[in-house]
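J.: what follows is a predicted structure for the sequence shown.
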Amino acid sequence: MSDMKERNETAVSEFILLGFSSLGEKLKTFLFLVLLLTYLITTTGNVVIIFIVWVDRRLHSPMYFFIDNLSFLETWFTSVTSPKMILNFVSINQNISFYGCVILLFHLGWCLLVVMSFDRYVVICRPLQYATIMKQRLCVQLVLGSWVGSFTVISLRMVLILKLRSCGPNVINHFFCDNSPLFQLSCTDTSGVRRMDSILISSVVLSSLCLTMLSYGSIFFSILRIPTATGRQKAFSTCGSHLTALAIAYGSCIVLYARPSGNSSSDVNKGVALLNTVLYPFLNPFIYSLRNKTVKLALRETFSWSTTKLFPNL
């Protein structure tokens, strides 16, 4: 009898991602074009930032070192999640393997956002001490700590996933794999695993949010002490765009992961997930780099130099 039960509970090795299959054909076509264009702009923008920071010595500063790492992280993340989602709009085969699902869990950039907020805090609140505090060794240590911390949390979440046993059905009502829909498909008791995953992701998101808000709170009060209205307006404009991106990133993750009994397979949560997986990576290059005058100058000079080398007769 136990052998029969074992055979009936064969582990599912493939899942079907429903994505946005319930939408009408015209709307699906529209979303396909929008998401494809967004993905191309996002990856191009981040790759340009990585390249320009690498080749231009004027951008060899702590701030751009952190932005360079964030651009790499977002390029990686959006290249893992977006292509499968986009292809599912036009492909009949919407299957994804179990290990393909596991790969999609490899993203956690909250520690890096905390580091970037700390850099902004030092440059605005302690400008005279910036060069002394933000030395190269500390910057490398902060980024390395962010990557190690992120991979530690990711690895722990993966261990929780590997404890699950999915026996069917194998349909996921989402456009990418995440822990919550996989929990719902498990044929084993997931109460303890769910609790551990919720505590893990909530502690990371909420603690990093608190540290980030602490930095920006100090920045806010420092800006209020700037004597000129023009200086205050410029500083508020920069911080305002940063806070908009952070609100999208943290807000969507709190809705998806840090609330009790969240169900990331619902249609509402699919929309929220789009903010985190599509909109936030799309905004990052423009908010943190491409609007900056130094970056614009570096881009123009690099483009001009490249054009001269490639087309010397022009």
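T.: Perfect, thanks for sending it.
J.: where exactly do the helices run in the chain?
T.: Under the criterion DSSP state H, the chain carries helices at the ranges 2-8, 25-55, 62-87, 98-103, 110-125, 130-133, 136-162, 179-185, 191-224, 229-253, 267-274, 280-285, 293-310.
J.: and these, which is most packed in?
T.: With neighbours taken as mean count of other CB atoms under 10 Å, the helices of the chain reach their highest mean count in helix 280-285, at a mean of 25. Every C-beta, even on glycine, is put in place using the N, C-alpha and C of the backbone.
J.: so which elements touch it?
T.: Here helix 280-285 is seen to pack against helix 25-55, helix 62-87, helix 229-253 when contacts are counted using 3 or more CB pairs under 8 Å, 6 or more residues apart in numbering; DSSP states H and E.
J.: V171: which of these is closest?
T.: In terms of CB to CB, the element of the helices and strands packed on helix 280-285 nearest to V171 is helix 62-87, at 15.6 Å.
J.: before we move on, the earlier item: could I get the helices of the chain as CSV with mean pLDDT?
T.: Formatted as CSV, the helices of the chain follow (pLDDT from 0 to 100):
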stretch, mean pLDDT
helix 2-8, 42
helix 25-55, 90
helix 62-87, 86
helix 98-103, 71
helix 110-125, 84
helix 130-133, 90
helix 136-162, 84
helix 179-185, 76
helix 191-224, 85
helix 229-253, 79
helix 267-274, 78
helix 280-285, 86
helix 293-310, 74
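J.: on that earlier part again, using a markdown table, lay out the helices and strands packed on helix 280-285 together with distance to S203.
T.: Listed next are those as a markdown table, based on distance: least, CB to CB, whole Å:
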| stretch | distance to S203 |
| --- | --- |
| helix 25-55 | 28 |
| helix 62-87 | 20 |
| helix 229-253 | 12 |
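J.: picking that back up, for N173, which of the helices of the chain is the nearest?
T.: Of all the helices of the chain, the one in closest proximity to N173, counting by CB to CB, is helix 179-185 (7.0 Å).
J.: same for that closest one, what does it pack against?
T.: Contact partners of helix 179-185 among helices and strands, from 3+ CB pairs under 8 Å, 6+ apart: helix 136-162, strand 171-172, helix 191-224.
J.: tell me which of these sits nearest to T294.
T.: Taking CB to CB, helix 136-162 is the member of the helices and strands packed on helix 179-185 nearest to T294, at 18.0 Å.
J.: got the angle between the closest one and helix 62-87?
T.: Computed with axes from the mean of the first three to the mean of the last three CA atoms, to 10 degrees, the direction of helix 136-162 lies at 30 degrees from that of helix 62-87.
J.: helix 136-162 vs helix 110-125, what angle?
T.: Between the direction of helix 136-162 and that of helix 110-125, the angle (the same axes, to 10 degrees) works out to 150 degrees.
J.: now the angle from helix 136-162 to helix 191-224?
T.: Orientation of helix 136-162 against helix 191-224 (the same axes, to 10 degrees) gives an angle of 150 degrees.
J.: got the contact list for L211?
T.: The neighbourhood of L211, defined by CB atoms under 8 Å, 6 or more residues apart in numbering, consists of 114, 117-118.
J.: kindly recompute the last result at 7 Å.
T.: For L211, the contact set (CB atoms under 7 Å, 6 or more residues apart in numbering) comprises V114.
J.: how far away is it from I226?
T.: Remark: distance between L211 and I226 (CB to CB, to the nearest Å) = 24 Å.
J.: please apply the same query to L112.
T.: Summarising the geometry, the distance separating L112 from I226, computed by CB to CB, is 28 Å.
J.: coming back round to it: mind putting the helices and strands packed on helix 179-185 into TSV with distance to A245?
T.: Converted to TSV, the helices and strands packed on helix 179-185 look like this (distance: least, CB to CB, whole Å):
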stretch	distance to A245
helix 136-162	17
strand 171-172	28
helix 191-224	11
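J.: and of the ones you listed, who's closest to R126?
T.: Closest approach to R126 among the helices and strands packed on helix 179-185 (CB to CB): helix 191-224, 9.0 Å.
J.: tell me the gap between the closest one and the middle of its chain.
T.: 15 Å (CA atoms, centre = their mean, to the nearest Å).
J.: can you check stretch 57-73 too?
T.: Mean-position distance between stretch 57-73 and its chain equals 16 Å (CA atoms, centre = their mean).
J.: begin at 757 from here
T.: From this message on, residue numbering opens at 757, which makes the last subject stretch 813-829.
J.: may I have that stretch as PDB, with CA atoms only?
T.: Taking C-alpha atoms only, stretch 813-829 is exported to PDB below (Å, rounded to 0.1, in the frame of the first residue of the first chain):
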ATOM      1  CA  ARG A 813      37.500  57.700 -14.800                       C
ATOM      2  CA  ARG A 814      35.200  60.600 -13.800                       C
ATOM      3  CA  LEU A 815      32.700  58.000 -12.700                       C
ATOM      4  CA  HIS A 816      35.100  56.000 -10.600                       C
ATOM      5  CA  SER A 817      33.500  57.100  -7.300                       C
ATOM      6  CA  PRO A 818      31.700  55.200  -4.500                       C
ATOM      7  CA  MET A 819      28.200  56.300  -5.800                       C
ATOM      8  CA  TYR A 820      28.700  55.000  -9.300                       C
ATOM      9  CA  PHE A 821      30.400  51.900  -8.000                       C
ATOM     10  CA  PHE A 822      27.200  51.100  -6.100                       C
ATOM     11  CA  ILE A 823      25.000  52.100  -9.100                       C
ATOM     12  CA  ASP A 824      27.200  49.800 -11.300                       C
ATOM     13  CA  ASN A 825      26.500  46.900  -9.100                       C
ATOM     14  CA  LEU A 826      22.800  47.700  -8.900                       C
ATOM     15  CA  SER A 827      22.700  47.900 -12.800                       C
ATOM     16  CA  PHE A 828      24.300  44.500 -13.000                       C
ATOM     17  CA  LEU A 829      21.800  43.100 -10.500                       C
END
